[in-house]
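Colleague: dropping a prediction and its sequence here:
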Amino acid sequence: MINPFKNKKGLGRGLSSLIGDSDVKITNNKISISSIIPNKYQPRKNFDRNSLEELTASIRERGIIQPIIVRASEDSNDKYELIAGERRWQAAQNAGLHEVPAVILNVDNLKSLEFAIVENVQRKDLNPIEEAEGYQRLINEFNYDQDKVAKFIGKSRAHISNCIRLLSLPAKVIEHIINDKISPGHAKILVGLDNSELLAEKIIKKKLSVRQAEALARLVKSNKSSIKSKDPNSIDIENQLSSKIGMKVFLNNKKNNTGTLIFEYKGVDQLDRLIKIIKENY
C-alpha cells in the first residue's frame, strides 16, 4: 500500500521516515472521536490554552486537514491509541466533531514513543523538561543510549546530555522551567549547584540574562570555594578584627603569604574612623 506521508514535508522529514519504515494498515480512514484514547507514551503534558482555542476555531471552520496517527489499543478492544496529533484530537472534540481523519499504523510501544517524540520535537511543542523526560524514557525503557538518541532525533549528543541533566534539578527549579520563568540556558547554569533554587529565584526576580546568570553563578562558586579553602587562622583573624573595629573583614592569604585584607564599611562615618585609625597607627 502506498504510504500517504511519503515526500510530504508537513510532518517533518524524521516522522515521514519513521512512517515509511512502518506497516500502514489503513490510510485516510475516518474514525469516531470517542474510540480514541490518549497515548500512554505522550511526552507532552502541557498544552497552551490560547493555541488550542485557535486550532479549535480553525478546525470548526475548515475541518482537520492533516490526519491524526493512531494504533490499535493493546488494552481496550475497539479503541485506538493516539500516536501523534493530540492537539488536533482535543481541538476536534472542542469543535464538536464526531469523526476525524486518521492513519492507523501497526507499531509497537517503542515506535509509538518515537513517533510522539519526533513529532513534538520537530514542531517545538515540548518544553525542555518534557523533551528531557522523553529522551530519558527511551534510555530507561527501550535501552537507548545518549548517542543513539542523538542520532535518532537528529540533535547533537551534547544537546541530549544537557537536556537530560535538567532532570537532576530540584522540583521547584523544574517547575520554573515548565512555566517558562527561566530558559533552558539559565537552567543549564544551575545544574549541579547546591543553591540552585535560590539562584533561580534571583534570576527571575532580577530578570537576569543568561550571561548575567553565568556571572552570578561564577561569583557564588568563587565565594564558596574561598570559604572552603580558608584556613582556621585566617578566619580567627577576621573575627578578631571585626570585633575590634565593628566592620566585616575578609582576609585572603595565599600560600606564598601574599594576599588581600578587605574592610567592608557602611557609611562615611565608618570609613572616616578606619582612615583615622590607620593614620594614627602608621
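Modeller: Good, I have the coordinates. Numbering: from 1, shown residues only.
Colleague: contacts and neighbour counts: CA atoms only from here.
Modeller: Noted.
Colleague: so which residues of the stretch 51-200 of the chain form helices?
Modeller: In the stretch 51-200 of the chain, helices defined by DSSP state H, counting those that start in this stretch lie at 86-94, 109-123, 128-142, 146-153, 157-165, 171-178, 184-190, 196-206, listed in chain order.
Colleague: buried stuff in the shortest one?
Modeller: I take that to be helix 184-190. Pro184, His186, Ala187, Lys188, Ile189, Leu190 (16 or more other Cα atoms under 10 Å).
Colleague: the first one now?
Modeller: Residues of helix 86-94 classed as buried under the neighbour-count rule (16+ other Cα under 10 Å) are Glu86, Arg87, Arg88, Trp89, Gln90, Ala91, Ala92, Gln93, Asn94.
Colleague: show the average pLDDT along it.
Modeller: For helix 86-94, mean pLDDT rounds to 86.
Colleague: what is that helix packed up against?
Modeller: Secondary-structure packing of helix 86-94 (3 or more Cα pairs under 8 Å, 6 or more residues apart in numbering; DSSP states H and E): helix 49-62, strand 68-72.
Colleague: what's the neighbour count on the residue nearest to Asp147 when sequence neighbours are not counted?
Modeller: Closest residue to Asp147 apart from its sequence neighbours, by Cα to Cα, 6 or more residues apart in numbering: Arg157 at 5.9 Å. Around Arg157 there are 16 other residues, counting by other Cα atoms under 10 Å.
Colleague: just to revisit the earlier point, TSV please, covering the buried residues of helix 86-94 and showing distance to Gln212.
Modeller: Converted to TSV, the buried residues of helix 86-94 look like this (distance: Cα to Cα, whole Å):
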residue	distance to Gln212
Glu86	38
Arg87	37
Arg88	40
Trp89	42
Gln90	40
Ala91	41
Ala92	44
Gln93	45
Asn94	44
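Colleague: between those residues, which sits nearest Phe263?
Modeller: Lowest distance from Phe263 to the buried residues of helix 86-94 (Cα to Cα) belongs to Arg87, with 60.7 Å.
Colleague: ok, back up a step: quick check: which of the helices and strands packed on helix 86-94 is buried the most?
Modeller: Most buried of the helices and strands packed on helix 86-94 by mean neighbour count (mean count of other Cα atoms under 10 Å) is strand 68-72; its value is a mean of 22.
Colleague: with adjacent residues omitted, what lies nearest to Phe263?
Modeller: Closest to Phe263 by Cα to Cα, 6+ apart is Val249, at 4.7 Å.
Colleague: which SSE is Leu251 in?
Modeller: Per DSSP states H and E: Leu251 is located in strand 248-253.
Colleague: what's in contact with the helix or strand that that strand is followed by?
Modeller: Using DSSP H and E, the helix or strand that follows strand 248-253 in sequence is strand 259-264. Identification of contacts with strand 259-264 by Cα atoms under 8 Å, 6 or more residues apart in numbering yields Met247, Lys248, Val249, Phe250, Leu251, Asn252, Asn253.
Colleague: against Pro128, how distant is the fourth one?
Modeller: Read that as Phe250. 41 Å (Cα to Cα, to the nearest Å).
Colleague: and Phe152, by the same measure?
Modeller: Counting by Cα to Cα - Phe152 and Pro128 are separated by 18 Å.
Colleague: ok, now Asn256?
Modeller: For Asn256 relative to Pro128 (Cα to Cα), the value is 47 Å.
Colleague: coming back round to it: from the buried residues of helix 86-94, which two are the most distant?
Modeller: Greatest spatial distance in these: Glu86 and Asn94, 12.3 Å, computed using Cα to Cα.
Colleague: show me where the stretch 51-200 of the chain dips below the pLDDT cut-off.
Modeller: For the stretch 51-200 of the chain, applying pLDDT under 70 flags the ranges 120, 122-125.
Colleague: neighbour count: Phe250 and Pro128, which is higher?
Modeller: The neighbour count for Phe250 versus Pro128, taken as other Cα under 10 Å, is higher for Pro128 (22 against 18).
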